[in-house]
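> Pasting the sequence and the predicted model now:
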Amino acid sequence: GVIGVQLVVTMVMASVIQKIIPHYSFARWLLCSGSLQWYQHPTEEDLRLLAGKQRGKSKKDRKYNGHIENKPLTIPKDIDLHLETKSVTERDTIALHYFPEHQWLVDFTVAATVVYVVTEAYCSIMKPSQEMNISVVWCLLVLAFAVKILFSLTTHYFIVEDGGERSVCVTFGCFFFVKAMAILIVTESYLEFGLESGFSNFSESAMQFLEKQGLESQGPVSKLTFRLFLAVLCSLIGAFLTFPGLRLAQMHLDALNLAKEKITQTLLHINFLAPLLMVLLWVKPITKDYIMNPPLGKESIPLMSEDTFATMRLWIIILLCALRLAMMRSHLQAYLNLAQKCVDQMKKEAGRISTIDLQKMVARVFCYLCVIALQYVAPLVMVLHATLLLKTLGNYSWGIYPELSSDTPVENSLLPSSVYSESPPADGKMKVTVVQITIALGSLKNIFTPLLFRGLLSFLTWWIAACLFSTSLFGLFYHQYLTVA
């Protein structure tokens, strides 16, 4: 049938993306609202005046002042240099690396989230039975764009010949592959993703479908192949999230040094520990067993049902994502302050530095602002929309106390009555085609059940949070103890 209201919402949002968002961009507002201050690099004339040198006219004067012909001007490192600050404006961001990618990812994520909210409201009110939830496509596109951007950022580390970034990515990728293989063999009494039951349901449904088609099969894929594929995917995600986690740790430490109020420091700590809190939500002995069946004396009184706990878990993740977005400017300002921090560190050193190298050192920080913003936003976007997909495809509810109808088994997917008709109505080729497509979609619904999506998306959401926390924890240790203060 026709998608109807959802198609209209999609077309309206597509027009908004094309016509309105270029003028009223949320991504541009995040950077250019005036709250971020960046440090301008000093001009060569300013550095010459600070060093007490003047541009000589003769060759002898030029030699005395520290440079001959094409030799760059050098100044003492302990020079009394104070950088000037300026608010980030739209004009400043035009030439930044990855600014178009940052603007597209953030603005498209906002549009996809609005489409998701409207679609969820429509589905909860109208309860359409034979319509595809088109917000799933928007969420999948957001995940695809985020992964593509992280892949693009990671490839730059492999292009650089001298740096050790390539080795770091490969090392963490191998580490996360081994970690994923270890996690996948943990029983569900400790980590309750639902992968085992979801894969078993998928294999049985696929075998029944193949038998109806007259084909003999032991299943579409073995459990070992399924786990190996997931482990490879997890290693790639871990490699992509390596430098975002390392960068987050450095910004967290710098943001804590900048924060003066206790409430801000507390929020920064919660924001840093947010991935750990997400990880613990799926550790059954720590959270689910204590929350659902707390030990109250000799009796064990369940406080909530499993559906209520799953809904509460979704809301906690969304609130933590909102907190991370709210703390974004604090982290970006902490990154921009690296320019002054590098200058202060330089003043403690002996020797001389060329004016060009000093200008590059200061200017480089602001030039890579959008790269840092993407490394901060992309994991947040991935966690958020993986959670939204988990709710929709996993057949969960947003209500803390779900309706009784939500207790129906998720293994059985209701199909339209036309699917079960043996022969399509004979009043035209169009109706025959529609019935065939309906039958095909109904068969796919029987194979890819909400039980399978619950297992896959729960594991994916948990894994993204686990990778981000692992890399940020290593980065915290590295910047705290292994680097020179």
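In hand now; what should we look at?
> all contacts plus neighbour counts: C-alpha atoms, from now on.
Noted.
> In the stretch 251-400 of the chain, mark out all the strands, start to finish.
For the stretch 251-400 of the chain, the strands defined by DSSP state E, counting those that start in this stretch occupy 295-296, 299-300, 352-354.
> other SSEs contacting the last one?
The one in question is strand 352-354. Strand 352-354 sits against strand 74-76, with contacts defined as 3 or more CA pairs under 8 Å, 6 or more residues apart in numbering; DSSP states H and E.
> Let me know the average pLDDT across the strand it packs on.
For strand 74-76, mean pLDDT is 84.
> which residues touch whatever helix or strand comes next after it?
For strand 74-76, the following helix or strand on the C-terminal side (DSSP states H and E) is strand 84-87. Strand 84-87 is contacted from outside by 32, 34-41, using CA atoms under 8 Å, 6 or more residues apart in numbering.
> can you give me the mean pLDDT across stretch 446-457?
87.
> For that stretch, output the C-alpha coordinates as CSV.
In CSV, the C-alpha atoms belonging to stretch 446-457 read as follows (Å, rounded to 0.1, in the frame of the first residue of the first chain):
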residue,chain,number,x,y,z
ASN,A,446,9.0,-14.0,9.7
ILE,A,447,12.7,-14.4,9.2
PHE,A,448,14.0,-11.0,10.6
THR,A,449,11.9,-11.0,13.8
PRO,A,450,12.0,-8.4,16.6
LEU,A,451,13.8,-11.1,18.7
LEU,A,452,16.7,-11.0,16.3
PHE,A,453,16.9,-7.2,16.2
ARG,A,454,16.8,-7.0,19.9
GLY,A,455,19.9,-9.2,20.2
LEU,A,456,21.8,-7.5,17.4
LEU,A,457,21.0,-3.9,18.2
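> Contacts for that stretch next, please.
Taking CA under 8 Å, 6+ apart as the rule, stretch 446-457 contacts 193-199, 201-202, 205-206, 209, 386-387, 389-390, 393-395, 410-413.
> Which of the residues you listed fall in helices?
Among these, the members found in helices (DSSP state H) are 195-199, 201-202, 205-206, 209, 386-387, 389-390, 393.
> Widest-spaced pair of these?
Maximum pairwise distance among those (CA to CA): 29.4 Å, between 209 and 387.
> about what we covered before: of all the ones in helices among the contacts of stretch 446-457, the one with the weakest confidence?
Within the ones in helices among the contacts of stretch 446-457, lowest confidence goes to residue 209 (72).
> And the residue nearest the centre of the protein?
residue 379 (1.7 Å; CA atoms, centre = their mean).
> how far away is that one from residue 106?
12 Å (CA to CA, to the nearest Å).
> excluding its backbone neighbours, what's nearest residue 7?
residue 134 (7.8 Å; CA to CA, 6 or more residues apart in numbering).
> Let me fix that, I meant to ask about residue 335.
residue 251 (5.8 Å).
> Just confirm that neighbour contacts residue 337, I think it does.
No. If you go by CA atoms under 8 Å, residue 251 and residue 337 don't touch, sitting 9.8 Å apart.
> Between those two, which contacts overlap?
Joint contacts of residue 251 and residue 337 (CA under 8 Å, 6+ apart) do not exist.
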